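[1] no sequence for this one, just the structure:
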C-alpha cells in the first residue's frame, strides 16, 4: 500500500456539495432542477449527463409506466414475505423484491439494446441485411433473440402503444426500425408470427432516445421500485403474506432426499 | 394446516392481468396511463389509489428531485463497492445501496409525517397549542424532533424552494403550517435557531398532498434508486471502487482484540 | 472537509493482511485457525474476540443447527422467487431471503438477550425478584415478553434439547436461570402455561456463553444463510417458483381501489 | 390460469414440520442433528442430502475459515456504510455486503469446480491430456483459467494448508489432481509460474468432497456471512463509516459531465 496509491483520486461527475450549493450533473439542484424537471428527467440526466427533450421525456415516462405494476408478480410476492419477517425495514422489503429484477424479467431490455447498439453496430449493410445477419448469428450460437415471442398473445398492446407514441412524437427511430427488421427476419426464418413484445419496444426506443444499453435496465429498476413500494405499503395495510405462506405449505410435498432425485454429488469423478 | 386455510383468499387492489387488459389501480394501463401520466404520478397512484392533481404532481416531483443525488454519499459508495465484486448484477448493487436508506437518512421524512398525521392528530387546540404540546412530548421522552437542525447552515435552500413552490401553487398546507409552528416552538424552547431542513419540508408537504406517513419514505426510495442507478452506471464506465478500497486500507489501523476495547462479553453476569 | 478529517484513522480489530501473513482477530489464519477451529468457532471469535471453549462451541453449533432449516418458510419462498428472476445471482437470492430475518422471526432472540443483559442487569434482588420486576415492566409498557408462547405446543422440543445439553455440559447458566424465572413469573401472572420456546433458549444460552445481545441475532443470520443456500440450490435443480407464482395468482382477488378500503390519504387534516 | 395449474404440487426434500417433529433432510432435527453435527455439517447436508464424513467435515470447515475474514474488504466496507444509514436492520447490512459476493470474489471457486466437474468431464484421456485440452480451450476462447495467479505472491499459504490437510486426511483427491495438472500445463504454456491460489484449492477440494459446482459458492457465502456479522457488530461498537465517508469525499474530484468523458449516448446510431 504505497504512497502512490493514496495519491490516486476518485473522479466523478454525478454531483457535489459545497457550503452554498448542491450541483447535480452540472446543474444547480435548487435553481435549475427542482420544480423544473420530473423524476424521469432526473433518471435521464443521471445516466446520460444531459436533460431529455420533451419527446424523450414522454417516451421514457411511458416506458417506466408500462412495466411498473402488473399485480402479484414474483418480485412482489418476495417483498411481501420479507416485510412480514422484518416490518422494521421498508427498504429491506423493497430491496428484496428488486433483487429479482435480473436476467429473466428486466435484463432482456438491456439485451435488446445491446443487440442493437453493440452487435448490430459491428455489421454492414441495410437494416434488412443487418437483420438477416443478426438472425443468422443468434441461430448459429443457439441464442434466443430477446424481445420476440409471448406465451399467449400475437400482439403486445404495450409495444403497440409505445411504437404509436414514438411515431406521433416524431422521435428518432433508427434503432426501432432495425429491431422491427430483426423481428420481420426472425418471423420469416421461423415461419411463424412472433410477438414484438414490450421488452423489444423498450430496448429499441430506449436506445433511440440515447440510453446506453447497460443503463436500459435502469428503466426496469425505477419502475420496479415504484411498484414494489405500492405492494409493500398495501401489505402493511392488508397483509397477505401469511396466506401466501399457508398456500405454499399446503401445496408442498416433502420427499426424503434419498428418493428426491436432487443430485447429491457432482457427476463424473465420484 | 386445515381446509379453511386454503379457502382464504389474497385480496389486492394493486393490479391484475387478463387475456386482454392490464389493470393498474383501477385504470387501464395502456389506454389510461401510458402516455398520460409520469413516473411520479404512478408512484402517487400506487400509494394513494388515485392520480395526483397537477399541483400534487409538481410537488411530488420536486421532492423526489431534491433528495435523489448528492454525490458520494454512503449508500452510493456501498453500491460502487458491490458492483466491483458482483458486476453480473446491476440490481444487486442498487439494492445494496438502497439498504442504507433506513432510519438515519430516509426514515426521518416518515417520522415528520407521523408526528403530524398521528401524534399531533391526537391533540387538541390551535397549531400553536399543538406545537407546544409536541415540543413538550419530545422533550419529556428525550426524543429529537425530526427535520429540525443542520450541521452547518441556518437555512436549507431545498426547504425554501419546496415551501415557495407550495405557496405559489396554492397547494393545501395545513400539515406544513403545523410543522412550521412546531419549528417555531422548538426554536423558542431551545433559545436558538434550528434549520427547517429538507426532511421537515418533505415530511410535511408529502402529508399535505395526501401521502400516508408510512408511504412518505417511498419518496426517498424512488429518489435513491434513481441516484444509485446513475452512480452504478458511472462506476461501470469509470471505476472508483478499487481506489476507495485502497483509501480505506491505507487509513486503517489494526489492533489486537485484547487491546481494542470492543466488548468481548455481555455486561453483568459473566 | 478540513485537514483534520483526513487525519482521522479507521480502527479495527477484525483482521489484517501483510505480505506474509493473514491475521484474524489476533490469530494467524493459516497456522492457528485453519484445520483447528470450525465455522461456529470463527463466528464466536468474530463477535467476542476470543475462541470458544468446547462447551461453548457445542452449544453454539446446536443453536445454529436448531434454527437453520424448517422447510418452506417465508424467507425461503422469497429466495426461490428471486432466483427465478435473477438466476445469474446466487448471492442475490440468498440476500433476498436474509432480508426477512428481522424483528419478527430472528430479532426476538436478541430481544431475549437484551432483556437479560440490559433490562434485568439494571435491577436488584434474586432471580425471582428480578423476574417479577421484569413481568411488571413489560405489563406496564404493554410489551410482550419475547421467547414465551407457541401457537400449538406446550413444550418446544428444541428448547428442551438445548437446556438438557447446557446441563449435561455443565455450562454457565446464570442468564438461563433468570430467563426460566421470568418464564415462571409470566406463567403465574397470566394464570396459564406459556411455552418456553426456542427463541427464549437461544437468547438465554447465547448470553450465558458470552455473546453480546446485539450479536445474538448473528446466530440466526448464520443459520438462515445455510438454510437459504440449500433452498436456492434445490430451486436450481427442481424449480418451484412458477408453481408458487401460479398458486398466488389463482388465489388472489383484485378489488378496485375505490372499494378496497386501503387508506387513500392520511387521517385528520384532509 | 386453469385448473390444472392449481393441481400442481411443490416438491421439496429440504425439511418439513408436523405437530410432533421437525425433519431436516431426512433427519429428526432434535434427536439426530442438534448436539451431534456442527454448522458446516448442516451446510453439507443442505446441499448434498447427506451428512459429511469426519474428513469431509474437516476440509469444509477449513475452507470456510480460510475465506471468512480478511479485514477491510469491499463487501465489509459496504456493510459498514449500510448500518450507518439503517441501524435498525442488522440483516440489511449483512445482506448489503453479501451482495458483493459475486463473480469477481466468490464466484471463481464455482468456476474452478465447473471447469473440473463439467468442462473436463466431457474430455477423454489422462489428467495431463485433459489439462492440455483445458488450457487449449481457455486460450482459444480468450478466457482466464480461474484459480491461477496472484498479484504479489508465488504461493498462497491457504492453498498449501488446504492441500496438506487433504493429503494428511487421506481424502479423495481426483479433482484436485486434475486441477494441479491444469496448473502445471498453464504454467508451461505461459512460460512462467502462476500461483495456485485459494480459489483453486477451494474449487477443487470442494469438488472432491462431493459438492456440486453450483453449490461451491455457498462456501463463500457462509464464510462471508460470518465475517460480515463480525464487522457490522464492530461497527456498532466502534463506528468507522463516517471516517470512510469523509475519506471518500476528501479524495473525490467532481468534473462537469460535459468534460467527464462518460459516454452520454450509445455509439453508432445517434
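    Happy to help now that I have it. Quantities reported herein were computed from a predicted structural model and do not represent experimental measurements. Numbers count the residues shown, from 1 in each chain, chains lettered A, B, ... in the order given.
[2] How far does stretch A:230-239 sit from its chain's centre?
    24 Å (C-alpha atoms, centre = their mean, to the nearest Å).
[3] Show me which parts of that stretch are buried, residue by residue.
    A:230, A:231, A:232, A:233, A:234, A:235, A:236, A:239 (16 or more other C-beta atoms under 10 Å in any protein chain shown). The C-beta positions use only the backbone N, C-alpha and C, and glycine is treated the same way.
[4] any idea which of these is the one closest to residue B:251?
    Among the buried residues of stretch A:230-239, residue A:232 lies closest to residue B:251 (C-beta to C-beta), at 37.9 Å.
[5] Skip the chain neighbours and tell me the closest residue to the closest one.
    With C-beta to C-beta, 6 or more residues apart in numbering or on different chains as the criterion, residue A:232 has its nearest non-adjacent residue at 4.7 Å, and that residue is residue A:93.
[6] Kindly report the same for residue A:67.
    Residue A:67's closest residue in space is residue A:223 (C-beta to C-beta, 6+ apart), at 4.6 Å.
[7] Quick one: end-to-end distance for stretch A:20-34.
    16 Å (C-alpha to C-alpha, to the nearest Å).
[8] That one near chain C anywhere?
    No - judged by C-beta under 8 Å from any C-beta of the partner chain, stretch A:20-34 makes no contact with chain C; its nearest approach is 14.6 Å.
[9] now that stretch: how far from the chain's centre is it?
    28 Å.
[10] Now do the closest residue to residue A:124 other than its chain neighbours, the pLDDT please.
    Leaving aside its sequence neighbours, residue A:124 sits nearest to residue A:130 (C-beta to C-beta, 6+ apart; 7.7 Å). Note for residue A:130: predicted pLDDT of 98.
[11] Check the burial of residue A:130 by counting its neighbours.
    21 (other C-beta atoms under 10 Å in any protein chain shown).
[12] Same check on residue A:146?
    For residue A:146, using other C-beta under 10 Å, the count is 21.
[13] Kindly provide the distance from it to chain B.
    Here the criterion is C-beta to the nearest C-beta, to the nearest Å. By it, residue A:146 lies 16 Å from chain B.
[14] One more: residue A:18?
    10 Å.
[15] again, but for residue A:160
    For residue A:160, the distance to chain B - C-beta to the nearest C-beta - is 8 Å.
[16] Next one: that residue from residue B:88, what distance?
    Residue A:160 sits 33 Å away from residue B:88, going by C-beta to C-beta, to the nearest Å.
[17] got a list of what residue A:62 touches?
    The neighbours of residue A:62, taking C-beta atoms under 8 Å, 6 or more residues apart in numbering or on different chains as the test, are A:161, A:162, A:165, B:34, B:35.
[18] Looking at the residues you listed, which one is closest to chain D?
    Using C-beta to the nearest C-beta, residue A:162 comes nearest to chain D of those, at 17.8 Å.
[19] and the helix or strand harbouring that closest one, what does it pack onto?
    Using DSSP states H and E, residue A:162 sits within helix A:157-168. Counting contacts by 3 or more C-beta pairs under 8 Å, 6 or more residues apart in numbering or on different chains; DSSP states H and E, helix A:157-168 packs against helix A:54-66, helix A:198-208.
[20] The shortest one to helix A:54-66, inter-axis angle?
    Angle of helix A:198-208 versus helix A:54-66, following axes from the mean of the first three to the mean of the last three C-alpha atoms, to 10 degrees, is 160 degrees.
[21] what's the following helix or strand after helix A:198-208?
    Downstream of helix A:198-208, the first helix or strand assigned by DSSP H and E is helix A:213-237.
[22] Please see if the helix or strand that that following helix is followed by touches chain B.
    Counting by DSSP H and E, the element after helix A:213-237 in chain order, helix or strand, is helix A:241-250. Yes - interface with chain B: helix A:241-250 contributes A:243, A:244, A:246, A:247, A:249, A:250 (C-beta under 8 Å from any C-beta).
[23] now what about helix A:241-250, what contacts it?
    With C-beta under 8 Å, 6+ apart as the criterion, helix A:241-250 contacts A:77, A:80-81, A:83-84, A:235, B:1, B:5-6, B:8-10, C:71-74, C:77, C:244, C:247-248, C:251, D:10.
[24] try stretch A:122-129
    A:130, A:133, A:134, A:177, A:178, A:181, A:184, A:185.
[25] if I've got this straight, the residue nearest to residue A:232 is in a helix?
    Yes - assessed with DSSP: H, G, I helix; E, B strand; the rest coil, residue A:93 lies in a helix.
[26] Which pLDDT does the model give it?
    At residue A:93, pLDDT is 98.
[27] buried ones in the helix or strand harbouring residue A:179?
    In the assignment (DSSP H and E), residue A:179 maps to helix A:174-190. Of the residues in helix A:174-190, A:175-176, A:178-187, A:189 count as buried by neighbour count, 16+ other C-beta under 10 Å.
[28] wait, which of the residues you listed is closest to residue C:199?
    After measuring those against residue C:199 - C-beta to C-beta - the closest member comes out as residue A:179, at 55.2 Å.
[29] ok so, going back, please list only the buried members of the contacts of helix A:241-250.
    For the contacts of helix A:241-250, a neighbour count by 16+ other C-beta under 10 Å gives the buried set as A:77, A:80-81, A:83-84, A:235, B:6, B:10, C:71-74, C:77, C:244, C:247-248, C:251, D:10.
[30] thinking again about what came up before, would a markdown table of the buried residues of helix A:174-190 with distance to chain C be doable?
    Formatted as a markdown table, the buried residues of helix A:174-190 follow (distance: C-beta to the nearest C-beta, whole Å):
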| residue | distance to chain C |
| --- | --- |
| A:175 | 25 |
| A:176 | 26 |
| A:178 | 27 |
| A:179 | 23 |
| A:180 | 28 |
| A:181 | 29 |
| A:182 | 24 |
| A:183 | 25 |
| A:184 | 30 |
| A:185 | 28 |
| A:186 | 24 |
| A:187 | 27 |
| A:189 | 27 |
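[31] Looking at those residues, which is nearest chain D?
    Closest to chain D, out of all of those and judged by C-beta to the nearest C-beta, is residue A:175, at 5.6 Å.
[32] Which one of residue A:160 and residue B:88 is surrounded by more residues?
    Higher neighbour count among residue A:160 and residue B:88: residue B:88, with 19 against 14, using other C-beta under 10 Å.
[33] Report the secondary structure state of the more buried one.
    Secondary structure, three-state DSSP: residue B:88 is coil.
[34] Which residues are in contact with it?
    Here residue B:88 is in contact with C:88, C:89, D:102, D:103, D:107 (criterion: C-beta under 8 Å, 6+ apart).
[35] What of residue A:97?
    Applying C-beta under 8 Å, 6+ apart, the residues contacting residue A:97 are A:75, A:76, A:78, A:79, A:82, A:224, A:228, A:231, A:232, C:96.
[36] Then residue A:228?
    A:75, A:76, A:79, A:93, A:94, A:97, A:98.
[37] among these, which are in helices?
    Under the assignment DSSP state H, the contacts of residue A:228 contribute A:75, A:76, A:79, A:93, A:94, A:97, A:98 to helices.
[38] I'd guessed the first one sits against residue A:106; true?
    No - taking C-beta atoms under 8 Å as the definition, residue A:75 is not a contact partner of residue A:106, at 9.1 Å.
[39] list residues touching both of those two?
    Joint contacts of residue A:75 and residue A:106 (C-beta under 8 Å, 6+ apart) are A:224, C:85.
[40] give me the low-pLDDT residue ranges for the stretch 151-270 of chain A?
    A:260-270 (pLDDT under 70).
[41] What residue in the stretch 1-150 of chain A comes nearest to chain B?
    residue A:46 (2.9 Å).
[42] That residue: which element?
    Per DSSP H and E: helix A:39-48 holds residue A:46.
[43] Could you list the buried residues of that helix?
    Buried, per 16+ other C-beta under 10 Å, within helix A:39-48: A:39, A:40, A:41, A:42, A:43, A:44, A:45, A:46, A:47, A:48.
[44] Output those as JSON lines; include the columns pLDDT and distance to residue C:203.
    Formatted as JSON lines, the buried residues of helix A:39-48 follow (pLDDT from 0 to 100; distance: C-beta to C-beta, whole Å):
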{"residue": "A:39", "pLDDT": "98", "distance to residue C:203": "44"}
{"residue": "A:40", "pLDDT": "98", "distance to residue C:203": "48"}
{"residue": "A:41", "pLDDT": "98", "distance to residue C:203": "50"}
{"residue": "A:42", "pLDDT": "98", "distance to residue C:203": "46"}
{"residue": "A:43", "pLDDT": "98", "distance to residue C:203": "45"}
{"residue": "A:44", "pLDDT": "98", "distance to residue C:203": "50"}
{"residue": "A:45", "pLDDT": "98", "distance to residue C:203": "49"}
{"residue": "A:46", "pLDDT": "98", "distance to residue C:203": "45"}
{"residue": "A:47", "pLDDT": "98", "distance to residue C:203": "47"}
{"residue": "A:48", "pLDDT": "97", "distance to residue C:203": "52"}
